[in-house]
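Asker: coordinates only, sequence not included:
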């Protein structure tokens, strides 16, 4: 899950003005709710995906103890 990184845009030195960073268009936002208290106790995160059905590739590489409903 995720494509979180900084990016560098490389262009010709004689080009002035604002550069555009393009991405492939296959990314969607998710909402993650995490709960931790001052004593260090935590609840499992709640990950909310946009959509009406689950796509199996969304869950590749996630911890085994996570559940999906």
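Answerer: Sure thing, it's come through. Just so it is clear, the model here is predicted, and its values are computed rather than measured.

Asker: Surely residue 57 forms part of a helix?
Answerer: Yes: counting by DSSP: H, G, I helix; E, B strand; the rest coil, residue 57 is part of a helix.

Asker: Tell me where this structure has strands.
Answerer: Applying DSSP state E to the chain gives strands spanning 30-36, 42-49.

Asker: among the ones you listed, which gets the worst mean confidence?
Answerer: The minimum mean pLDDT among the strands of the chain belongs to strand 42-49 (a mean of 84).

Asker: helices or strands next to that one in the packing?
Answerer: On a contact count with 3 or more Cβ pairs under 8 Å, 6 or more residues apart in numbering; DSSP states H and E, strand 42-49 meets strand 30-36. For every residue, glycine as well, the C-beta is placed using N, CA and C.

Asker: what's in contact with the strand it packs on?
Answerer: Applying Cβ atoms under 8 Å, 6 or more residues apart in numbering, the contact partners of strand 30-36 are 1, 42, 43, 45, 46, 47, 48, 49, 50.

Asker: switch the cut-off to 7 Å
Answerer: Identification of contacts with strand 30-36 by Cβ atoms under 7 Å, 6 or more residues apart in numbering yields 42, 43, 45, 46, 47, 48, 49.
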